[in-house]
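Visitor: Fold the following for me, if possible:
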Amino acid sequence: MRTTALTMTGFRGFRPSWLGKASTFVQVVGVILILVAAGLVMTAFHTAHEAGWVDFGQVQAIDLSWLVRPGSVQSSLFTGVLGIQAKPVLVEVVGYLAYLIPMTLYLFAPARTSAVSPATASTARVNA
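Guide: As a prediction, this is how the structure comes out:
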């Protein structure tokens, strides 16, 4: 029982330095999720081409074979987690960026504040 109490006290005091504030943690996780989701968009365009649904934009856009070496663990991570292919075509890259850019801007956009305070809004409803 005493060991459990000491262990719990130790875990309570543990705080990784990179977590910092909760907002920083949420932004880091948000970026990772945006990269994964953009990879899903890229994979969807790749699959749509294989199915014969998308026949335009099939020119190789960039050669990432130096980064995503087929058959390596690194390739499995980039392709499996982020959806990045070794030789993506134009429509895949456009789809990736079309998702990545607006979602990243939305994540890092400053929070909007309401022009009307909640107290004023409730008073306006009562008086109307």
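Visitor: Quick check: closest non-adjacent residue to Val94.
Guide: Gly57 (6.7 Å; CB to CB, 6 or more residues apart in numbering). Where you see a C-beta, it was placed from the backbone N, CA and C, and this is true even at glycine.
Visitor: Tell me how far that neighbour lies from Val41.
Guide: 14 Å (CB to CB, to the nearest Å).
Visitor: quick one: which of these two has more around it?
Guide: Val41 (18 against 15; other CB atoms under 10 Å).
Visitor: need the next SSE after whatever helix or strand the more buried one lives in, C-terminal direction.
Guide: Using DSSP states H and E, Val41 maps to helix 22-51. Later in the chain than helix 22-51, the nearest helix or strand by DSSP H and E is helix 73-80.
Visitor: okay, the angle between that next one and helix 22-51?
Guide: Angle, helix 73-80 to helix 22-51, by axes from the mean of the first three to the mean of the last three CA atoms, to 10 degrees: 80 degrees.
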